[in-house]
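Participant: take this sequence and fold it.
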Amino acid sequence: MADLGHEISDQTVDNVLRRHGLPPAPECKRTTMWAAFIRTHVALLAGTDFFTAEVLTLRGLVTYYVLFLSISRAVE
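Facilitator: Below you'll find the model as predicted:
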């Protein structure tokens with residue numbers, strides 16, 4: 001968040017983690033396995049892909065850069 005220009009307190013982060021049933025960061029690093037991480041985030045899964053496509057246009061060959069983002073939200 002700091003990289004985006006937002007300032008938040010440690011308490012705010014702790015409150016968000018508790019609200020979602022996650023342990024604080026030091027404990028989280030030691031105990032969270034991939035299966036638990038996926039179970040925690042299954043309600044919102046996202047996939048991204050980045051690729052280029054060469055397209056022949058009237059101006060010649062043009063390279064297009066494509067960023068594909070797919071977000072799937074589970075309905076409860």
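Participant: identify the residue nearest the spatially most central residue of the chain in space, chain neighbours excluded?
Facilitator: For the chain, the residue nearest the mean C-alpha position is Ala46 (6.7 Å; C-alpha atoms, centre = their mean). Closest residue in space to Ala46, ignoring its immediate chain neighbours: Ile71 at 4.7 Å, by C-beta to C-beta, 6 or more residues apart in numbering. For glycine as for every other residue, the C-beta is placed from the backbone atoms N, C-alpha and C.
Participant: ok so the one you found is a helix residue?
Facilitator: No - assessed with DSSP: H, G, I helix; E, B strand; the rest coil, Ile71 is strand; it does not lie in a helix.
Participant: who's in contact with it?
Facilitator: Applying C-beta atoms under 8 Å, 6 or more residues apart in numbering to Ile71 gives the contacts Leu44, Leu45, Ala46.
Participant: again, only this time at 10 Å
Facilitator: Counting by C-beta atoms under 10 Å, 6 or more residues apart in numbering, Ile71 makes contact with Leu44, Leu45, Ala46, Gly47, Thr48.
Participant: thinking again about what came up before, which helix or which strand is home to the residue nearest to the centre of the chain?
Facilitator: Taking DSSP states H and E as the definition, Ala46 sits inside strand 44-57.
Participant: which residues touch that strand?
Facilitator: With contact meaning C-beta under 10 Å, 6+ apart, strand 44-57 is reached by 38, 61-74.
Participant: tell me the helix or strand right after the lowest-mean-pLDDT helix or strand in the chain.
Facilitator: Least confident helix or strand, the chain: helix 25-31 with a mean of 59, by mean pLDDT, DSSP states H and E. Going down the chain from helix 25-31, the next helix or strand is helix 34-41, by DSSP H and E.
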